[in-house]
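*Asks:* Sequence and predicted structure below; questions after.
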Amino acid sequence: MTSETATARGPERTHPLRRHRKLAWTAGVFVALALIVAFLVAIWDWNWFRGPLASVMAGRMHRPVTISGDLSVHPFSWQPSATVAGVHVGNPKWAGPGNLADIDRIAAQIRLVPLFTGHLDMRLLEFDRPNLRLYRDADGRMSWDFSDGKKPDEPLRLPPIRKFVIDDGHLNLRDDDRKLTFTGTVDAKERLGAANRGFQMTGDGTLNAQPFHLAVTGGPLLNIDRSRPYPFDADIRAGQTYVTARGAVPRPFDLGQFYMDTTARGPDLSMLYGITGVPLPNTPPYSLHGRLSRSGHIYRIDGLAGRVGSSDLEGWLTVEGRPGTRPLLKADLRSRALVFPDLGALFGGAAKTGAVANPVQKVVARRMSAEQRIFPRATLNFDRIRKLDADVSYKADRISKGPIDITAGSTRVKLTAGLLRAEPLTLDLPQGRIGGWVQLNGRGKDAVTDLDLKLSNARLEHMVTVTFQGRQPIAGPIVGRIKLHGVGDSVHDAIGDANGQAVVVAPGGEIRQSLAELAGVDVIKGLGLLFAKDQSTTPVRCAVASFDVKGGVASADHIVIDTGPVRIDGSGVINLDQETLGFKLQGHPKKFQLVRLVAPITISGPILHPKPNVEKGPAIGQGVAGLALGAVLSPLAAILPFVDAGLAKDANCAGLVTETKQQGAPVKSSQVAAR
């Protein structure tokens, strides 16, 4: 072997030795590092991280956060855990001094492997003696809303938790917006009491100055399966309002999804605002049930059924309530049998009072009954109306006990930023209908009401409900229209201030001949026919009454009713604010009468109970004449502001009908030509 070859192979023989030496040094470094890490872990104080951890929490919650207790971490495990004691979360600045939450200890444990796939699986989440103080102000700001107004607050969705424990929790809530206070306890353990319960939240407070009680219970929060629904029960009592529910969370700890079968009863649906946050209308006492479910920001009630007052109600509704926006209520509702007085409470009227009526309702009902008002004086709550948008369809298959013979009705109500409009609004009569729209604008300082209603193809005998000697005294077609514009925060104020027009047209028909003669006033013939109970009729060629409404006073300078033997002229005033009326009618016979007593007939008094009279004359015949005519015209006078008129041959009926047609009354020329 040459020296050159030996020189070339020398380094190859020494290379393994160098490599082993490097490995030894590397192993030594790792051992040293392991010893250093073990030493550091043995002497490490995790409390050094309390400040940074509190800062991170404060940044995410937009609240001051402090940690006054120990921080302990056990990282070297397939299921690492951590414990922190003395956690304090402060209120936002607008909520004033004090803490939102004080928690004695929080313990958490997770599985490490699912983290590598992007999933968080919590084996344990435990709170010792948490004390929460929640506050919502009158503007709707919530101290527990951690979005800080920068993004919508999403429903609470916790990761899967195998063991969830809350020991000796306390909850205090003050809600100025809903006039609600609550103080209660919260516990979640393996078993609570003798029943198989694992979760329980109970407490008491006040809602609208009435006692409030809440109890929510659920199964044990141990070994929760994400694929199995978690069941719970709820019982709420607020004064005389009772709500019970039995439901489940389909995917445990995802509170953005749940369903429950719910029953509710109470004196007034509007009182549920403090519980639901949804501004519902005033109603009579109710008893309802349905299936309430939540999917994200949408709440839905399917299978809604029950009674409101004496009326049945069924259908469905949804409420979409995204933070930072007005809730949107959509509904399709139906009543198979609506009792008309049940609608009065919607507009501030006296609701029917049953066994569940509260003392305030009973007082209001007695006062309204004593006053016998048509238009309620109660102020409508426009602050709540402005907080909700709505699109509601409603249909009543049958209506009873209406002011006139209404058989059915339907409407679609849209509410947007305080502007409420019911259109189309339809009320069916035995023949004909009332149709149009009503609008209430609550966007400004003063509420504004507008309405435009038409009476089409109707019959007088269905509008005038009084009978005379067993029969209705007047019959025939009638059409009309009313347009009003009023300002006020109650129905009474809006109607009592209204301006507009109203027209009534009866282009034909018939009237009891005895009443027509008395209105003449042909007392001898009229009384003879009357006492003989003569049922013969005479044609009504035409009748017209046109009202000009200013400041809540409807004035008619020319009222004309033309019959076969008599033409009746008159004028009148209806005071919508005082709910009174005053009319004067004078008959003019069309043929010579041997005995004629010229005496105007007056009708005056409250709209609901007007009294007829005959001016200047004590004659019994005149008194009977006034009484007989009043029996016919009193009901008609009560509805004159809601219709239009046409007139008789001698009063140029065709011309009057043409005039009223130009004002919007749905009168057909053929109706006049046929006469």
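*Replies:* Looks like it came in fine. Numbering: from 1, shown residues only.
*Asks:* When you work out contacts or count neighbours from here on, use the C-alpha atoms and nothing else.
*Replies:* Fine.
*Asks:* so what's residue 202 closest to, chain neighbours aside?
*Replies:* residue 215 (4.3 Å; C-alpha to C-alpha, 6 or more residues apart in numbering).
*Asks:* Let me see the residues that make contact with the helix or strand hosting the one you found.
*Replies:* Using DSSP states H and E, residue 215 falls within strand 210-218. Residues from elsewhere that reach strand 210-218, judged by C-alpha atoms under 8 Å, 6 or more residues apart in numbering: 182, 197-206, 230-239.
*Asks:* Mind checking which of these land in helices?
*Replies:* Among the contacts of strand 210-218, the subset assigned to helices under DSSP state H is empty.
*Asks:* I'd say residue 492 and residue 575 touch.
*Replies:* No - counting by C-alpha atoms under 8 Å, residue 492 stays clear of residue 575, with 11.6 Å between them.
*Asks:* ok, these two, which is more surrounded?
*Replies:* Legend: neighbour count by other C-alpha atoms under 10 Å for residue 492 and residue 575, higher for residue 492 (27 against 20).
*Asks:* Is that one in a helix, a strand, or coil?
*Replies:* For residue 492, the assignment made with DSSP: H, G, I helix; E, B strand; the rest coil gives helix.
*Asks:* List the buried residues for stretch 408-420?
*Replies:* 408-416, 418-420 (16 or more other C-alpha atoms under 10 Å).
*Asks:* Please identify which pair of these lies farthest apart.
*Replies:* Taking C-alpha to C-alpha as the measure, those reach their widest spread between 408 and 418, a distance of 28.0 Å.
*Asks:* Among the contacts of strand 210-218, which lie within strands?
*Replies:* Counting by DSSP state E, the part of those found in strands is 182, 199-206, 230-238.
*Asks:* of those, buried ones?
*Replies:* Buried among the ones in strands among the contacts of strand 210-218 (16+ other C-alpha under 10 Å): 182, 199-206, 230-238.
*Asks:* Which parts of the chain are helices?
*Replies:* 3-43, 50-61, 273-276, 359-371, 382-385, 460-463, 491-496, 513-518, 523-531, 620-639, 653-662, 669-673.
*Asks:* What are the contacting residues of the second one?
*Replies:* So the one you mean is helix 50-61. Outside helix 50-61, the residues that reach it (C-alpha under 8 Å, 6+ apart) are 64-67, 71, 146-147.
*Asks:* Below-threshold pLDDT in the stretch 301-450 of the chain: ranges please.
*Replies:* Along the stretch 301-450 of the chain, the model assigns pLDDT under 70 to residues 345-374, 376, 378.
*Asks:* ok, 90 please
*Replies:* Scanning the stretch 301-450 of the chain for pLDDT under 90 picks out 309-310, 321-327, 340-388, 401-406, 418, 420, 431-432, 440, 442-447.
*Asks:* Strands along that one, start to end?
*Replies:* 311-320, 328-335, 338-339, 389-396, 399-400, 408-416, 419-428, 433-441, 448-459 (DSSP state E, counting those that start in this stretch).
*Asks:* will you turn the ones you listed into CSV that also has distance to residue 502?
*Replies:* Below are those laid out as CSV (distance: least, C-alpha to C-alpha, whole Å):
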stretch, distance to residue 502
strand 311-320, 32
strand 328-335, 31
strand 338-339, 27
strand 389-396, 27
strand 399-400, 25
strand 408-416, 22
strand 419-428, 18
strand 433-441, 14
strand 448-459, 10
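*Asks:* Looking at those, which is nearest to residue 219?
*Replies:* Ranking the strands of the stretch 301-450 of the chain by their distance to residue 219 (criterion: C-alpha to C-alpha) puts strand 311-320 first, at 28.5 Å.
*Asks:* Partner strands of that closest one and their direction?
*Replies:* Strand 311-320 has its sheet partners listed here by DSSP bridges as strand 298-308 (antiparallel), strand 328-335 (antiparallel).
*Asks:* Any chance of JSON lines for these, columns mean neighbour count?
*Replies:* Below are the strands paired with strand 311-320 laid out as JSON lines (neighbours: other C-alpha atoms under 10 Å):
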{"stretch": "strand 298-308", "mean neighbour count": "19"}
{"stretch": "strand 328-335", "mean neighbour count": "20"}
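*Asks:* want to try CSV for those strands, with distance to residue 508 as columns?
*Replies:* Conversion of these to CSV gives the following (distance: least, C-alpha to C-alpha, whole Å):
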stretch, distance to residue 508
strand 298-308, 41
strand 328-335, 36
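*Asks:* which residues sit against stretch 227-238?
*Replies:* Residues from elsewhere that reach stretch 227-238 (C-alpha under 8 Å, 6+ apart): 206-207, 210-219, 224, 242-252.
*Asks:* Buried by neighbour count, from those residues: which ones?
*Replies:* Using 16+ other C-alpha under 10 Å, the buried members of the contacts of stretch 227-238 are 206-207, 211-219, 224, 242-252.
*Asks:* got the domain boundaries for this structure?
*Replies:* 45-195, 478-483+501-673 (automatic domain parsing).
*Asks:* low-scoring stretches of the stretch 51-200 of the chain, by residue?
*Replies:* Using pLDDT under 90, the stretch 51-200 of the chain drops low at 59-62, 73-80, 96, 110-124, 138-142, 144-165, 177-178, 187-199.
*Asks:* Quick one: the strands in it, in order.
*Replies:* 65-67, 71-74, 81-90, 99-110, 122-136, 164-175, 180-188, 199-207.
*Asks:* so can I have TSV of these showing distance to residue 445?
*Replies:* Formatted as TSV, these follow (distance: least, C-alpha to C-alpha, whole Å):
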stretch	distance to residue 445
strand 65-67	42
strand 71-74	56
strand 81-90	38
strand 99-110	36
strand 122-136	25
strand 164-175	26
strand 180-188	27
strand 199-207	28
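*Asks:* Go through those strands and name the closest to residue 461.
*Replies:* The nearest among these, by C-alpha to C-alpha, is strand 199-207 at 49.9 Å.
*Asks:* Mind giving me the packing neighbours of the closest one?
*Replies:* The contact analysis (3 or more C-alpha pairs under 8 Å, 6 or more residues apart in numbering; DSSP states H and E) places strand 199-207 against strand 180-188, strand 210-218.
*Asks:* any chance of these in CSV, plus distance to residue 382?
*Replies:* What follows is the helices and strands packed on strand 199-207, written out as CSV (distance: least, C-alpha to C-alpha, whole Å):
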stretch, distance to residue 382
strand 180-188, 20
strand 210-218, 23
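*Asks:* quick one: which of these is nearest residue 570?
*Replies:* strand 210-218 (55.6 Å).
*Asks:* Could you pull up the mean pLDDT of that closest one?
*Replies:* For strand 210-218, mean pLDDT rounds to 93.
*Asks:* Same question for stretch 251-267.
*Replies:* 89.
*Asks:* Now do the end-to-end distance for it.
*Replies:* When the termini of stretch 251-267 are compared using C-alpha to C-alpha, to the nearest Å, they are 35 Å apart.
*Asks:* try stretch 275-284
*Replies:* This stretch, stretch 275-284, spans 18 Å end to end (C-alpha to C-alpha).
*Asks:* which stretches of the stretch 551-675 of the chain have low pLDDT?
*Replies:* For the stretch 551-675 of the chain, the stretches with pLDDT under 90 are 556-572, 576-675.
*Asks:* ok, 70 please
*Replies:* Using pLDDT under 70, the stretch 551-675 of the chain drops low at 563-566, 589-601, 608, 612-675.
*Asks:* Would you confirm that residue 108 contacts residue 124?
*Replies:* Yes - if you go by C-alpha under 8 Å, residue 108 and residue 124 touch, sitting 5.2 Å apart.
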